[in-house]
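Asks: Pasted the sequence and its predicted model underneath.
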There are 2 protein chains.
Amino acid sequence: MKIGVVGLGSMGYGIANSLLRSGHQVVGADVNPDAVSRFRAEGGLQEDIASTAVDLNALVIVVLNAAQAEDVLFGNQGLVDKLSLGSVVILCVTVSPEYARSAAERCAMRGIDFLDAPISGGSVKAAQGKLSVKASGAPEAFRKAQPALDAIAETVFELGDSVGTGSAMKAVNQMLAGTHIAAMAEAITFGMTQGIDPATFMKVIPRCAGTSWMLENRGPHVVSGDYTAHSAVDIWLKDLGIVLDAARASKFATPVTAAALQQFLAASGMGLGREDDAAVAKVYARNAGLQLPGAGN
Amino acid sequence: MKIGVVGLGSMGYGIANSLLRSGHQVVGADVNPDAVSRFRAEGGLQEDIASTAVDLNALVIVVLNAAQAEDVLFGNQGLVDKLSLGSVVILCVTVSPEYARSAAERCAMRGIDFLDAPISGGSVKAAQGKLSVKASGAPEAFRKAQPALDAIAETVFELGDSVGTGSAMKAVNQMLAGTHIAAMAEAITFGMTQGIDPATFMKVIPRCAGTSWMLENRGPHVVSGDYTAHSAVDIWLKDLGIVLDAARASKFATPVTAAALQQFLAASGMGLGREDDAAVAKVYARNAGLQLPGAGN
């Protein structure tokens, strides 16, 4: 297949390379020309996505947010107008279910199929073609997207034929993941006030009922004092923002998630937006006058 | 050894039986005379704990809360005054670190060793002698408690020689566990507003980064609509109350845990205090007009 990938950030670059490895012809596009040059040097087609769009079987969107996706699909770049009838848009961006439905409707009006397909797994799994995809859309969209999904994903959760369900499941997952990171940060610093150092916390809690996937993944960052961003604080401003917007639209109260978002907002306000999301622990430490591992001396 | 067990509820009964199975002589005590009779019929000593206290090597306390422990040890029952020098009190109750320290100090004044030893694992593991114990205390207290711990626990986290650290680690664990239950309830009901039914939620999220031990354990209760109490809503009023009291005393702000406690308080206010703690989902469902599995027709 001939596939376009828009967004060659850490996730998109891995996706584009995974598609190449599976034998597809791949056109990469990004606002950063260096990323495009690098991808072309590694085997990507030497074509411009706007001029080649008419030949694409599938267009994979891996930009940062709904605003960028809107620009790519219907705005300044307007690629949907350039695609051929019967091609498929695979939207891998974390967006609101409402936005996914709106984008799908506008694609349908142009005869373009649409798969709501937010991804998880991080840049390492993206590079390995082992992402997790929460996908929903018409059977025809699934059929057309299958070769691309086979190349980029280890797990595809097929969530039915309603566009929006994939994004909804992603929102639900992010709601829990973000809340669990904040809860980890709250507990590891509370423990410090009670005489439990973070290293001891991480020796005990992962073996207890209080553990979570995120605690086991992010807790070691606090113990080592290494906040090199794997996933940044500011991602949660966006993703939990999507959750709270969708919840508000449904008149659904989310007090626990809302409290968690406040802590990420405080972290971003402290200038930590681009640090690893485990840096939300620094909000608690600052408030309580605690010295986290790696801080100070 | 000759060991007394005060509190023959679901946890204490299992502990007392595990001690019996390991060959110890065991005296059981409870405010409920039927529980005592039953335990005596199964091999417990036919003695009254007050009169036999002088002969005990160890006294295991498995009552509900600090107020009951205080009554047993120093109040109406005042068993500490009846124990012999050099015996050990093993406090398995979830109490504040401050209470554990206060109890240990008063035991020390009477020449009684003290192990701060809150337990986890539920009644089934208690019956199997496979509890998890977060223990701290002087080496002498550990040494004297060891035969009892061997009989009742699969895992003993040895958390140093400061009484209070065991209770602090338990508080940290409960903080996370309670918050994760509320987060699960919030997410599974939010998902319903976005077209995701609880069964689909539980098929997907346990395989994603949003999972937690509690989500995997309690989520199925929401899916099946079975709120038979394994661990009741009201336990979180007590345990998260301990956390927030200790946090307040340390001037440590816990916005996420505080939000979670409010949801358990609302559940208890709805009359659900003795239902399984997964019933906190009913607070969300009621607020949003959702029908959970098993509710109504």
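Replies: That came in fine, so what should we check first?
Asks: Secondary structure of A:V89: a helix, I assume?
Replies: No. Going by DSSP: H, G, I helix; E, B strand; the rest coil, the assignment for A:V89 is strand, not a helix.
Asks: wait, what's in contact with the residue of chain A positioned farthest from its centre?
Replies: The centre of chain A is farthest from one residue, A:G195, which by Cα atoms, centre = their mean lies 36.3 Å away. By Cβ atoms under 8 Å, 6 or more residues apart in numbering or on different chains, the residues touching A:G195 are B:97, B:162, B:164-165, B:168. (C-beta placed from N, C-alpha, C; glycine too.)
Asks: and chain A, which of those residues contact it?
Replies: B:97, B:162, B:164-165, B:168 (Cβ under 8 Å from any Cβ of the partner chain).
Asks: Export those residues to CSV and append columns for pLDDT.
Replies: As requested, the ones next to chain A among the contacts of A:G195 are exported to CSV (pLDDT from 0 to 100):
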residue, pLDDT
B:P97, 97
B:S162, 97
B:G164, 98
B:T165, 98
B:A168, 98
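Asks: can you tell me which of those residues lies nearest to chain A?
Replies: Within the ones next to chain A among the contacts of A:G195, the smallest distance to chain A is 3.6 Å, found for B:A168 (Cβ to the nearest Cβ).
Asks: thought the closest one was touching A:D197?
Replies: No. Using Cβ atoms under 8 Å, B:A168 is not in contact with A:D197; the gap is 11.3 Å.
Asks: which residues are in contact with both of the two?
Replies: A:G191.
Asks: Give me the more crowded residue out of these two.
Replies: Shown here are B:A168 and A:D197; by other Cβ atoms under 10 Å in any protein chain shown, B:A168 has more neighbours (27 against 13).
Asks: thinking again about what came up before, which of the ones next to chain A among the contacts of A:G195 fall within helices?
Replies: B:97, B:165, B:168 (DSSP state H).
Asks: Looking at those, which one is closest to B:S37?
Replies: Nearest to B:S37, judged by Cβ to Cβ, of those is B:P97 at 35.9 Å.
Asks: Can you tell me what sits against stretch A:225-243?
Replies: With contacts defined as Cβ under 8 Å, 6+ apart, stretch A:225-243 is touched by A:64-65, A:94-96, A:122, A:171-172, A:174-175, A:178, A:181, A:221, A:254, A:257, A:260-261, A:264-265, A:267-268, A:272-280, A:292-295, B:190.
Asks: Now tabulate the ones next to chain A among the contacts of A:G195 in JSON lines and tack on distance to B:L56.
Replies: Shown next, in JSON lines, are the ones next to chain A among the contacts of A:G195 (distance: Cβ to Cβ, whole Å):
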{"residue": "B:P97", "distance to B:L56": "26"}
{"residue": "B:S162", "distance to B:L56": "25"}
{"residue": "B:G164", "distance to B:L56": "24"}
{"residue": "B:T165", "distance to B:L56": "25"}
{"residue": "B:A168", "distance to B:L56": "27"}
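Asks: For the residue in the stretch 1-150 of chain A that chain B sits nearest to, which non-adjacent residue is spatially closest?
Replies: Among residues of the stretch 1-150 of chain A, the one nearest chain B by Cβ to the nearest Cβ turns out to be A:P97. It sits 5.7 Å away. Leaving aside its chain neighbours, A:P97 sits nearest to A:G164 (3.7 Å; criterion: Cβ to Cβ, 6 or more residues apart in numbering or on different chains).
Asks: Please list the residues of the stretch 1-150 of chain A that sit near chain B.
Replies: A:97, A:120, A:132, A:134.
Asks: thinking again about what came up before, shouldn't the residue nearest to A:P97 be in contact with A:R101?
Replies: Yes. The criterion here is Cβ under 8 Å, and A:G164 meets it with A:R101 at 4.6 Å.
Asks: the more surrounded of those two?
Replies: Neighbour totals were compared for A:G164 and A:R101, and A:G164 leads with 24 against 18 (other Cβ under 10 Å).
Asks: What residues does that one make contact with?
Replies: By Cβ under 8 Å, 6+ apart, the contact list for A:G164 reads A:97-98, A:100-101, A:104, A:116, A:136, B:194-195.
Asks: Of those - the most surrounded one?
Replies: That'd be A:D116 among these, by other Cβ under 10 Å, with 32 neighbours.
Asks: Mind listing the residues bridging to that residue?
Replies: Beta-bridge pairing of A:D116 under DSSP bridges involves A:L91, A:S136.
Asks: Give me the pLDDT for A:G296.
Replies: Listed pLDDT for A:G296 reads 65.
Asks: so A:V5 is in which element?
Replies: strand A:2-6 (DSSP states H and E).
Asks: Please read the previous query as pertaining to A:A266.
Replies: With DSSP H and E as the test, A:A266 turns up in helix A:255-267.
Asks: okay, the angle between that helix and helix B:255-267?
Replies: 170 degrees (axes from the mean of the first three to the mean of the last three Cα atoms, to 10 degrees).
Asks: Check which helices and strands the next helix or strand after helix A:255-267 sits against.
Replies: Beyond helix A:255-267 on the C-terminal side, the first helix or strand identified by DSSP H and E is helix A:281-288. Under the contact definition 3 or more Cβ pairs under 8 Å, 6 or more residues apart in numbering or on different chains; DSSP states H and E, helix A:281-288 sits against helix A:165-193, helix A:255-267.
Asks: list the contacts for A:L292?
Replies: Residues near A:L292 by Cβ under 8 Å, 6+ apart: A:189, A:198, A:222, A:225, A:281-282, A:285.
Asks: I'd guess it is in a helix, am I close?
Replies: No. Per three-state DSSP, A:L292 lies outside any helix segment and is coil.
Asks: Show the model's pLDDT score for it.
Replies: Value for A:L292, per-residue pLDDT: 98.
Asks: list the contacts for A:R101?
Replies: Neighbouring residues of A:R101 by Cβ under 8 Å, 6+ apart: A:163-164.
Asks: Help me confirm that it is found in a helix?
Replies: Yes. If the criterion is three-state DSSP, then A:R101 is within a helix.
Asks: roughly how far apart are the closest residue in space to A:G121 that isn't next to it in sequence and B:L56?
Replies: Once flanking residues are discounted, A:G121 sits nearest to A:L131: 4.3 Å by Cβ to Cβ, 6+ apart. Using Cβ to Cβ, to the nearest Å, we find A:L131 at a distance of 60 Å from B:L56.
Asks: Point out where chain A drops to low pLDDT.
Replies: A:296-297 (pLDDT under 70).
Asks: Nearest to A:S84, out of the ones in helices among the ones next to chain A among the contacts of A:G195: which one, please.
Replies: Distance ranking of these against A:S84, using Cβ to Cβ, places B:A168 first at 63.9 Å.
Asks: wait, what's in contact with A:C107?
Replies: Counted by Cβ under 8 Å, 6+ apart, A:C107 has contacts A:73, A:80, A:89, A:113-114.
Asks: List the ones among those residues that fall in helices.
Replies: If you go by DSSP H, those have A:L73 in helices.
Asks: who wins for neighbours among the contacts of A:C107?
Replies: For the contacts of A:C107, neighbours tallied by other Cβ under 10 Å; top is A:V89, 32 neighbours.
Asks: So it is in contact with A:L56, correct?
Replies: No. The pair A:V89 and A:L56 fails to qualify as a contact (Cβ under 8 Å) at a distance of 9.7 Å.
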